[in-house]
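>>> Okay, here's the prediction I keep looking at, along with the sequence it came from:
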Amino acid sequence: MSEAIETQRFITPEQEQAAKGANTPGAYDMALEDINPLNAHLYSENRWQDVFSRLRDEDPVHFNELETAGRYWSLTRYEDIKAVDADWQRFSSAHGITLGIRIDAEQPPSFVAGSKPAFISQDPPDHDDQRKTVTGVVAPNNLAKLESLIRQRTCKVLDALPENETFDWVERVSVELTTLMLATLFDFPLEDRKKLTRWSDVTFAIPEPGGLVETQAQKREEFVECVEYFTRLWAERRKQPGDDLISMLAHGEATKDMEPYEHLGNIILLIVGGNDTTRNSMSGSVYALNQFPEQYDKLIANPALIPNMVAELIRWQTPLSYMRRTANEDCEIRGKQIKAGDQVLMWYVSGNRDAQVFENADQLDIERKNARQHLSFGFGIHRCMGNRLAELQLRILWEEILPRFEKIEVQAEPSRTFSSFVKGYTYLPVKLRRKTTA
């Protein structure tokens, strides 16, 4: 299997910008044309807000060009993002969903010779056929079956947390709950479930000394392990299928004839989709309610607000900052001339803070009337297939938090993911106090 793995020898656009970004001036201190929202330091240091505020006001269709990536446009207004996301005929996903120097340059399929792009990086009809193969796992009837298991696990994790002692919410709660859910969806051995978290983290990690991964070669080797592990599971499910995602891919009409390594793109897509987004929303929910304590008090006084709070938290957090499309033809957006082949970045993190759609958009408002109109799940054919599962997990988490704890108190600023794509947390120190029973 390892013979199929290719070594990548290039600097990604995100690495190029990150190397320049540690001492970048503030968004209002530089020339407009010098602003590049791809800089990973903006997100790890939580200073992206002014960048997008200025671009929305002054240049909502913003042009950049990098030697490593070519031409790309940043869409920062809600309506433009929604329009492009829903128009797959003119704006294709077939050249990848993140910015890169070639097809899937930042995505795991490029590590494997002959692997197929994940269905999120395909257009119809291939996209529709492969997506349909796995959507059953998040169908309403299956979610109803999963709810009691999610609640049982949530209760067990929360009941084991220490009281009046600082601990890492990311590791003890967010990672544990999402990894358990992933293992269930894949019917993955529970004792090895932390491998799923690792592969998810490595997927969009920027290689750097002392970082999550230090070299492209290390990243490649970790995906060798991923391919080999899932190849074993694939062989098992071909013989004894179940109701899990691997079985669905192994026996689906559109996917059953593919080799196991060809599925790496879809496997990683499902791992990241089920891990990074939900886990960072879980961590973001605790952080956000501490940032806006009046909203926390409102929630405690009225737990019936939880469902709307979940939507608002996903809007406020925006766990994936952007998605990329590629223009199929020359076109125009707000008077800017987009050429065929240009890359278009839909900055969900900016659209979700567009004051023309969300009043006081930078504020958390758990009673916001249009919270469910957020962009975090995307629009059109690529709308996140696991959106209802993510909402279910977050809803159950807070339904079980409120009766147990007086409050969960953040003790210091969190450490954030060094990425312009995944907007998340690597460490969130908290302390809690349990409610006393009468």
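Noted; the coordinates are in hand. Predicted model, so just to flag it, every value in this text is computed and none were measured.
>>> what about the stretch 51-200 of the chain, any weak spots by pLDDT?
Counting by pLDDT under 70, the ranges of the stretch 51-200 of the chain that qualify are 100-139.
>>> 80 instead, please
67-69, 94-144 (pLDDT under 80).
>>> where exactly do the strands run in it?
If DSSP state E, counting those that start in this stretch is used as the criterion, the strands of the stretch 51-200 of the chain fall at 61-66, 70-75, 91-92, 167-168.
>>> and of the ones you listed, who's closest to residue 432?
Counting by Cβ to Cβ, residue 432 lies closest to strand 167-168 out of the strands of the stretch 51-200 of the chain; the figure is 8.6 Å. In short, each C-beta sits where N, CA and C put it, glycine included.
>>> Sheet-wise, list the partners of that closest one with their directions.
strand 429-434 (antiparallel) (DSSP bridges).
>>> Average pLDDT for the partner strand, rounded please.
Across strand 429-434, the average pLDDT comes to 96.
>>> hmm, back to that, to residue 300, which of the strands of the stretch 51-200 of the chain lies closest?
Taking Cβ to Cβ as the criterion, residue 300 comes closest to strand 167-168 out of the strands of the stretch 51-200 of the chain, the separation being 21.4 Å.
>>> so residue 407 sits in a helix?
No - with the criterion set as DSSP: H, G, I helix; E, B strand; the rest coil, the secondary structure at residue 407 is strand rather than a helix.
>>> Verify the contact between it and residue 431 for me.
No - Residue 407 is not in contact with residue 431 according to Cβ atoms under 8 Å; the separation is 9.4 Å.
>>> out of these two, which sits in the busier spot?
Set side by side, residue 407 and residue 431 show unequal neighbour counts under other Cβ atoms under 10 Å, the larger going to residue 407 at 19 against 16.
>>> For that one, which residues are in contact?
Residue 407 sits next to 296, 300, 432-433 when contact means Cβ atoms under 8 Å, 6 or more residues apart in numbering.
>>> can you check residue 267 too?
With contact set as Cβ under 8 Å, 6+ apart, residue 267 has these partners: 226, 230, 249.
>>> Pull out the buried positions in the helix or strand containing it.
Element membership for residue 267 (DSSP states H and E) is helix 264-291. Of the residues in helix 264-291, those buried under the neighbour-count criterion (16 or more other Cβ atoms under 10 Å) are 264-290.
>>> After it, which helix or strand is next?
Downstream of helix 264-291, the first helix or strand assigned by DSSP H and E is helix 293-301.
>>> related to what we said a few turns ago, quick one: the helix holding residue 267 to helix 293-301, angle?
Our comparison of helix 264-291 with helix 293-301, counting by axes from the mean of the first three to the mean of the last three Cα atoms, to 10 degrees, yields an angle of 100 degrees.
>>> Let me have the strands of the stretch 51-200 of the chain in CSV, extended by mean neighbour count and distance to residue 329.
Converted to CSV, these look like this (neighbours: other Cβ atoms under 10 Å; distance: least, Cβ to Cβ, whole Å):
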stretch, mean neighbour count, distance to residue 329
strand 61-66, 18, 16
strand 70-75, 21, 14
strand 91-92, 21, 9
strand 167-168, 17, 48
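>>> Which one of these lies nearest to residue 46?
Smallest distance to residue 46 across those (Cβ to Cβ): 17.9 Å, for strand 167-168.
>>> need the next SSE after that closest one, C-terminal direction.
The element immediately downstream of strand 167-168 (helix or strand, assigned by DSSP H and E) is helix 169.
>>> Identify the residues contacting that following helix?
When contacts are taken as Cβ under 8 Å, 6+ apart, the neighbours of helix 169 outside the stretch itself are 283, 286, 408, 428-430.
>>> now do 6 Å
Contacts made with helix 169 from outside it, assessed by Cβ atoms under 6 Å, 6 or more residues apart in numbering, are listed as 283, 286, 428, 430.
>>> quick one: which of these is nearest residue 320?
When those are ranked by distance to residue 320 (Cβ to Cβ), residue 283 comes first, at 14.3 Å.
>>> Who are the contact partners of the closest one?
169-170, 174, 425, 428.
>>> A ChimeraX selection for the residues you listed, restricted to the buried ones, would help me check which they are.
Burial among the contacts of residue 283 is assessed by 16+ other Cβ under 10 Å; the matching ChimeraX selection reads:
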select :169,170,174,425,428
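>>> closest to residue 36 among the contacts of residue 283?
Closest approach to residue 36 among the contacts of residue 283 (Cβ to Cβ): residue 425, at 23.5 Å.
>>> shaky segments in the stretch 301-438 of the chain?
The model of the stretch 301-438 of the chain has pLDDT under 80 over residues 380-386, 437-438.
>>> CA-only coordinates of stretch 190-200, as CSV, when you get a sec.
These are the backbone C-alpha positions of stretch 190-200, laid out as CSV (Å, rounded to 0.1, in the frame of the first residue of the first chain):
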residue,chain,number,x,y,z
LEU,A,190,-13.3,2.1,20.4
GLU,A,191,-9.9,1.3,21.8
ASP,A,192,-8.3,3.0,18.7
ARG,A,193,-10.7,5.9,18.4
LYS,A,194,-8.0,8.5,19.2
LYS,A,195,-6.5,7.7,15.8
LEU,A,196,-9.6,9.3,14.2
THR,A,197,-8.9,12.5,16.0
ARG,A,198,-5.3,12.4,15.1
TRP,A,199,-6.0,11.9,11.4
SER,A,200,-8.6,14.6,11.4
